[in-house]
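Undergrad: after the sequence you'll find the predicted model.
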Amino acid sequence: MSETKDFLRTIVEEDLKAGKYEQVHTRFPPEPNGFPHIGHAKSIVLNFGIARDYEGICNLRMDDTDPTKEDMKYVEALKDAVKWLGFDWGEKVYFTSDYFGKLYDYAVDLIKMEKAYVDSLNEEEIREYRGTVTEPGRRSKYAERSVEENLDLFERMKNGEFEEGAHVLRAKIDMSSPNMKMRDPLLYRIRHASHYRVGEGWHVYPMYDFAHCLSDYMEGITHSLCTLEFENNRDIYDWVIETLGLEPPRPYQYEFARLNMNYTVMSKRKLLELVEGNYVNGWDDPRLPTIAGYRRRGYTPESIVTFCEQIGVAKANSTVDVAQLEFCIRDDLNTKVPRVMCVMDPLKVTIVNYEGSELLDASYYPHDVPKEGSRKLPFSKEVYIDRADFSENPPKGYYRLTPDQPVRLKHAYIIACKEVVKDEEGNIVEIKAEYFPDSKSGSDTSGIKVRSAIQWVEVASAKPVEVRLYDRLFKCEAPEGLEDINPDSLKVIKNALVEPAVVDEKPDVRFQFEREGYFYADPVDYRDDAPVFNKIVGLKDSWAKKEKPKPQNKPKQKAQKPVQKEGEVAPMSAEEQGRFDRFTHEYKLNPEVANTLARDAKLADFFDEAVAVYESPVTIANIVANEVAREFKEHPDDALRFGPKEVASLAKMLDEETISSKIAKQVFEEMAKTGKSPETIVEEKDLKQISDPVQIAAVIDDVIAKNPENVAKYKEGNQKLFGFFVGQVLKATGGKANPKVVNDLVREKLEA
RNA sequence: UCGGGAGUAGUUUAGUUGGUAGAACGCCUGGCUCUGAACCAGGAGGUCGCAGGUUCGAGUCCUGCCUCCCGAGCCA
């Protein structure tokens, strides 16, 4: 269960609590027309996760209504992805194509209800007739066809009697709807194509908007979760279900933001471009954000699931930092995989004072990982260390081997550099070193303190391996296209050297190569005689950060107030202006409130009527412009359960200080809900204001006594806590205490 | 231009009758360490898109505005 509830889980929980459904039923409905990526993972984790959290069901459904795009290989890839992530779709995989028969029957029903018609306009005409976002469309003359004719035409469409494009079936909704999607949306189109599953039988195929809602309904889906771009389609979703008069319970659609991540691309088109242009090596290239790519790279399903849970679900478009994903995989692997040593860029070290050889005990796990396991590490006179771990002229703060600074060979001895051997060109080719016999790991009595312990391999026993170092596929955060590809996204090291246990013992398929990162035995290319390891992710490296400080984010010029353009406010009509003048002059209303009232005839009338009952224009105006306005807004179609008269008496109580403004809001809400008069509500709930200082003081004393830390903090200068105390006192009195009195007394007592 | 959505630390987000703006990642310090990792402790970082209004008190309520996303496929 995720730590904080997202808005969808909140909805599910409320629906369940309200008894709207017996059990939650979600679905993950991809179209099998491409390889799933981490964005799909978000949807999978969401849908299956909700089912799991609320003991419901989640279907896996292939939304395969376009015969020209879909393929069985994608179905398999999708199934693999879901399974790999650890979710179970139960008995069977669902296919929209299994519903073609039923869907057809529903379409016939719609025709019989005169809610659908066969349109014979061509594609261009349909577009033209649809209008634009600002102009209404107009209906095709074919919309007037009789039910019989429509039925006949539709059946013949199905039977393949017409050319593609000759006719379509459309819903008869509203060609002037402000929502373009509702301008008689297409329900069926003719396609003389072979469907990858159902074959040749059909010549008409349902559109998404018709098939999806009905598939959801037929499967008993309760919450149909999709991405934001379908917001406009929700109206059709509801229209189809309502028009068909389907028996409840019915599904409802909710939308959430799809996943975006920096330094990568997620769109099908761009991914395809990368694969087909051979910028990467296939759909499972470890640099790709595809499930297959992450899998091949060595990411664990657990880390992906955790990531999806961490980023949450909301409706704001956003781009997640890939660092969050990297954290998840490091965090997961840290407690799971054995540590071994690998030297990427070997530099020979000869330990001049060491003779013979020995096998050293070396644990696979560091002290803080509660796992057992170790191997024998061969050690002798000649070893390799990484070039980066020796420096002849070390920068400040360098911890590793230098001519003056000894270093420990991890699990072995401390060595000190005695001589640097170079070739004619001055390149370092070998280090001659001495070791300290009493510094052996585990029984060190040398007393020598070193800053660092570095990885190494013994020359005689080291095994060559290929290591593939993967970096971000794109060099910028928001890549647009191929031009943003990072030329160094893959670096292959053909002859890295690992300690023998890695390939002889094979304690795991994933390792941490100490001080380098996490690596995975490539599932495709790895062979015993030619091992290949993929870099999953590097270790955090604060030294590298210090060494190569990023190109300083330009001297942040404190984003000097982005002077916001003020938009134009619509001018008032003569009538509105007249009201405005009357309100400001006659009633002395504040111009802001007068403006709100004047521009809304309903509010203005309401206000006038209330003032006629009780002449306190300012108080009434405030209530009308704020509270009443909200009621109108929230219930645009319903009649209000209260009228100007009630508002007038509420204003009266406020003016006479019978109740506080805080309580007035409460009374108003109750009034709006039940229609009772304010007097009755105040009477029934005993909401009269408490202004007696003695009574209030007692409450304050109590609050102060109960919150000594906050009192101290306040006295130290945390002014913001003042509101806390006032709030506590008000809470204790059920909101009835006179806030002005409370404020004065709290200040007095706290300052005392 | 019309309709629908969305704006809270660098990033992703929580914020439930208006009452101390929290978390995770990232960043910075320090400690510990036979991984410059992990771990532990601490810190910086927020004009809650902007401007008004209501209120003793607004991220939360009201009004106006700004910015971004989606929408005129016989794709999904």
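TA: Cool, the structure landed.
Undergrad: alpha carbons only for contacts and neighbour counts from here, please
TA: Noted.
Undergrad: can you tell me how far whichever residue of the stretch 151-300 of chain A sits closest to RNA strand B sits from A:Arg189?
TA: Relative to RNA strand B, the nearest point of the stretch 151-300 of chain A is A:Gly165 (3.3 Å; C-alpha to the nearest atom of the strand). For A:Gly165, the distance to A:Arg189 equals 7 Å [C-alpha to C-alpha, to the nearest Å].
Undergrad: who has more neighbours, those two?
TA: A:Arg189 (21 against 13; other C-alpha atoms under 10 Å).
Undergrad: is that one part of a helix or strand, or is it coil?
TA: Under the three-state scheme (DSSP: H, G, I helix; E, B strand; the rest coil), A:Arg189 adopts strand.
Undergrad: output the below-cut-off pLDDT ranges for the stretch 501-650 of chain A.
TA: By pLDDT under 70, the low-scoring segments of the stretch 501-650 of chain A are A:549-563.
Undergrad: next: chain A.
TA: A:1-3, A:549-563.
Undergrad: for the closest residue to RNA strand B within it, give me its contacts.
TA: In chain A, no residue comes nearer to RNA strand B than A:Ser441, which is 1.9 Å away by C-alpha to the nearest atom of the strand. A:Ser441 is in contact with A:Lys410, A:His411, A:Ala412, A:Tyr413, counting by C-alpha atoms under 8 Å, 6 or more residues apart in numbering.
Undergrad: got these as JSON lines, with secondary structure, neighbour count and distance to RNA strand B columns?
TA: Below are the contacts of A:Ser441 laid out as JSON lines (DSSP: H, G, I helix; E, B strand; the rest coil; neighbours: other C-alpha atoms under 10 Å; distance: C-alpha to the nearest atom of the strand, whole Å):
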{"residue": "A:Lys410", "secondary structure": "coil", "neighbour count": "18", "distance to RNA strand B": "4"}
{"residue": "A:His411", "secondary structure": "coil", "neighbour count": "19", "distance to RNA strand B": "4"}
{"residue": "A:Ala412", "secondary structure": "coil", "neighbour count": "25", "distance to RNA strand B": "6"}
{"residue": "A:Tyr413", "secondary structure": "coil", "neighbour count": "21", "distance to RNA strand B": "7"}
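Undergrad: part of a strand, is A:Ala705?
TA: No. Per three-state DSSP, A:Ala705 lies outside any strand segment and is helix.
Undergrad: what about A:Arg451, distance to A:Lys546?
TA: 17 Å.
Undergrad: the two - which one has more neighbours?
TA: A count of neighbours by other C-alpha under 10 Å puts A:Arg451 above the other of A:Arg451 and A:Lys546, at 14 against 10.
Undergrad: that one and A:Tyr399 touch, don't they?
TA: Yes. Here A:Arg451 reaches A:Tyr399: they are 5.2 Å apart, a contact under C-alpha atoms under 8 Å.
Undergrad: now the strands for the stretch 401-550 of chain A?
TA: Along the stretch 401-550 of chain A, the segments classed as strands by DSSP state E, counting those that start in this stretch run A:407-409, A:414-422, A:428-435, A:453-454, A:456-458, A:463-470, A:490-498, A:510-513, A:517-521, A:532-538.
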